[in-house]
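Visitor: One predicted model, sequence on top.
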Amino acid sequence: MYVFDASVPPPLFDAFHAATGVTVRVTTYESNEELLASLAAHPADYDVIMPSDYAVDALIRRDGLRALPLADIPNYDNLTPAFLSPWFDPFGVGGRGRGRSEKEKFSLPWLWGTTGIAYDTTVVSPAPTHWADVWNPAWAGRVVIPDDARELLGVALMVEGSSKNDTNPEKLAAAEARAVTLAKGAVALDANTPEVYLIDGRAVIGIVFNGNAALARRANPNIAFVLPEEGGGIWFDNLAIPAGAPHADNAVALIDFLLRGESGAEVVRAYPFSTPNEAALEVLRAADPGLYADYMADGTVHPAVDDVAKAVPVKNIGPVGDARIAKAWAAVLAARGGQP
């Protein structure tokens, strides 16, 4: 299995082995770009992957995913219907329940969330309301930002008044310059564990994913999270099977196991992002009502409807756009000596 770090609690793999006798070997990656490059070079190395929305779109377009046999994944019925026909993989499910396929389905949702601003309310005042507030010189040296080209450059594009997915060379050059300025004054470029810097005080503000902000708040209640007025980010991580998967039957069985309510509940306990698994919430409600109540009341995990409506996803921009982003990202890393 090839997945983002901190996305599947390791005990779930042990439980799958106990139930089936199948051992899961796990490799992690840092970005969708790393995933896409690895699959292009080694298409038969992995059985289950976890691409985000735009990466699913890119893989479908290059025939890189195997269609899912939904009849063999009965636990997909645990998923909220609204998440079953997303913009990047809209077919395969005509409504709630199995057997309503219209066209092929290539992915099923695992986690979703938003990208916004986390900040220490005892230090940062007034509260940030726009992406540009992260660039306030007062926070130089105390900012944490994601080592994610599309998210960071996308935010910089929005601050410059452009679309998050714009690849116009002039607009991207302006965004690159802005991102370089922020990167030079950042305590770290870290998309996986930015909460560490917010918890220990090395960072007082940052561009982070909502689940990481929720983890920071567990340790430090002074950490708040906001989606900027011009629109935060929104993303969906998914389970999928590469077209060249060498053990496709085991992959199907693993996906079905991971979509159990009990599995989803373990994910929420470990990684408090937003879950599309309704059965997981029912398990939590019965087994851990205190955690369930806190999770459901957390606006970091459950943003307001209006904020979700304004949120902007990363889109597939094609090979030319990808090359331009890669060049701009290289400049951002060069500003930090080539390392996040």
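Guide: The structure has been received and is ready for your questions.
Visitor: which SS state does residue 127 fall under?
Guide: coil (DSSP: H, G, I helix; E, B strand; the rest coil).
Visitor: Wait, it touches residue 229, no?
Guide: No - taking CB atoms under 8 Å as the contact criterion, residue 127 and residue 229 are not neighbours in contact, 11.6 Å apart. The C-beta positions use only the backbone N, C-alpha and C, and glycine is treated the same way.
Visitor: Strands of the protein, start to end?
Guide: All strands of the chain, identified by DSSP state E, fall at 2-4, 27-29, 108-120, 143-145, 186-189, 205-209, 223-226, 233-239.
Visitor: To residue 166, which of these lies closest?
Guide: When the strands of the chain are ranked by proximity to residue 166, the top entry is strand 233-239, at 14.7 Å, counting by CB to CB.
Visitor: Find out how far the closest one is from the centre of the chain, if you would.
Guide: Per CA atoms, centre = their mean, to the nearest Å, the displacement of strand 233-239 from the mean C-alpha position of its chain is 5 Å.
Visitor: before we move on, what about stretch 203-215?
Guide: Put simply, stretch 203-215 sits 13 Å off its chain's centre (CA atoms, centre = their mean).
Visitor: Endpoint to endpoint, that stretch covers what distance?
Guide: 15 Å (CA to CA, to the nearest Å).
Visitor: Over that stretch, what's the mean pLDDT, rounded is fine.
Guide: Per-residue pLDDT values across stretch 203-215 average out to 96.
Visitor: Around residue 56, count how many other residues there are.
Guide: A count of neighbours around residue 56, defined by other CB atoms under 10 Å, yields 26.
Visitor: Dump the strands of the chain to TSV, plus mean neighbour count and distance to residue 16.
Guide: TSV is the format used below for the strands of the chain (neighbours: other CB atoms under 10 Å; distance: least, CB to CB, whole Å):
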stretch	mean neighbour count	distance to residue 16
strand 2-4	21	14
strand 27-29	14	16
strand 108-120	25	15
strand 143-145	26	34
strand 186-189	21	33
strand 205-209	27	26
strand 223-226	22	33
strand 233-239	23	13
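Visitor: Mind putting those into TSV with distance to residue 81?
Guide: As requested, these are arranged in TSV below (distance: least, CB to CB, whole Å):
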stretch	distance to residue 81
strand 2-4	25
strand 27-29	30
strand 108-120	11
strand 143-145	35
strand 186-189	37
strand 205-209	24
strand 223-226	27
strand 233-239	15
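Visitor: So which of these is nearest residue 73?
Guide: Each of these was checked against residue 73 via CB to CB, and the shortest separation belongs to strand 108-120, namely 7.1 Å.
Visitor: Remind me what the closest one packs against, helices and strands.
Guide: Under the contact definition 3 or more CB pairs under 8 Å, 6 or more residues apart in numbering; DSSP states H and E, strand 108-120 sits against helix 195-200, strand 205-209, helix 210-219, strand 223-226, strand 233-239.
Visitor: And those: which comes nearest residue 91?
Guide: Distances from residue 91 to each of the helices and strands packed on strand 108-120 were compared by CB to CB, and the smallest falls on strand 233-239, at 14.1 Å.
Visitor: Could you tell me the angle between that closest one and helix 210-219?
Guide: Orientation check (axes from the mean of the first three to the mean of the last three CA atoms, to 10 degrees): strand 233-239 against helix 210-219 gives 100 degrees.
Visitor: helices or strands up against strand 233-239?
Guide: Using 3+ CB pairs under 8 Å, 6+ apart, strand 233-239 is in contact with helix 53-61, strand 108-120, helix 149-159.
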